[in-house]
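[1] return a 3D structure for these sequence lines:
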Amino acid sequence: MQPPSKKICLEQTSRNTMANNIGFIGTGMMASSLIDGIVAKGIRTANQIHCSDPYPPARESASKKGYNATESNADVCANSDCAIFLAVKPNCIMGACKDIMEATDSGAVIVSIAAGVTLESLEGALPGRRVVRVMPNTPCLVGEAACGFALGARANDEDRTLVKTLLDAVGVSMEVNEILLNAVTGVSGSGPAYVFQFIEALSDGGVRAGLPRTVATKLAAQTVKGAAEMVLKTGKHPGELKDAVTSPGGTTIAGVEALEKGGFRAATISAVTAATKRSMQLGGASDEEIANKYAL
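    Next up is the predicted model:
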């Protein structure tokens, strides 16, 4: 019997059927956020989610939401005919792949969100399977993720559409060449930490200028959120939007000058390149290869 077609999975996305189940091996923070978003958007019902975790409280939490939670990876594989997400730590990925290979192939595409684990490694551990590698980020917790994904050699257009549909349930997703997933890691994977630091620093500045901490932090966070929405909704270059609020001889240009003197722009660029380089190292690239091939 042939495995179920991904076209069937997509056509029945909005139906409340027992088929087209999605599996998650691992129910940590990122996986739980993805599952919750997929169900909240009506892409799948809670009963169409099968997940495994060795940690009893994690299984209990998933069960309370109506998901089919188990300790057995084999059970997840047996009951997931559309997609199986590998949502375990990188050092556990090979064990999870072994469990998948020992189970009957249901035709599900395998989607890895394990940081630094390459498609080559995944396909080596999952011979004959269709594989997609994803780099999500923590704002998926609030439905505002920025995800990059890359298709493996056997993955097809239906897998592309399916994975994008699932990822877009918790934010936005963009397909890139796998080698660029390292840069995605540097920008959006690690980026929330940079932004949190900026919000904290902006709040510190407000406190230094006399604002209460709660007021300063709320204003700082909302300012970042509002500015980000302007970039996304207007489509204008960030520099153009900056110039629109930077009056000659005014307060904003004085602040911008202080940021430039402090190396704000250079430090941010360095943060992205450092995180990108580290992602390459975690993927097995040597410092010599990174320097010669990618000039990092």
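
[2] stretch 185-200: which residues count as buried?
    For stretch 185-200, the neighbour count (16 or more other C-beta atoms under 10 Å) marks 185-192, 194, 199 as buried. The way it works is simple: take the backbone N, C-alpha and C, and place the C-beta from them, glycine included.

[3] next: stretch 249-267.
    Of the residues in stretch 249-267, those with enough neighbours to count as buried (16+ other C-beta under 10 Å) are Val256.

[4] same deal with stretch 104-115?
    Of all the residues in stretch 104-115, those buried under the rule 16+ other C-beta under 10 Å are 106-115.

[5] same check on stretch 114-122?
    Going by 16+ other C-beta under 10 Å, stretch 114-122 has these buried residues: 114-119, 121-122.

[6] let's have those in TSV, adding secondary structure.
    As requested, the buried residues of stretch 114-122 are exported to TSV (DSSP: H, G, I helix; E, B strand; the rest coil):
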residue	secondary structure
Ala114	coil
Ala115	coil
Gly116	coil
Val117	coil
Thr118	coil
Leu119	helix
Ser121	helix
Leu122	helix
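
[7] among the buried residues of stretch 104-115, which are located in strands?
    The strands, defined by DSSP state E, take in 109-112 from the buried residues of stretch 104-115.

[8] what is the most widely separated pair among the residues you listed?
    Using C-beta to C-beta, those reach their maximum pairwise distance at Val109 and Ser112, which is 10.5 Å.

[9] look up how far Thr276 lies from Gly152.
    Counting by C-beta to C-beta, to the nearest Å, the gap between Gly152 and Thr276 amounts to 21 Å.

[10] no, scratch that, I was asking about Glu200
    Relative to Thr276, Glu200 is positioned 23 Å away (criterion: C-beta to C-beta).

[11] low-confidence ranges in the chain?
    Confidence mapping of the chain against pLDDT under 70 gives the ranges 1-19.

[12] and the helices in it?
    Taking DSSP state H as the criterion, the chain contains helices spanning 6-11, 29-40, 56-64, 73-79, 93-102, 119-125, 157-167, 181-184, 191-208, 213-234, 238-244, 251-261, 264-282, 287-294.
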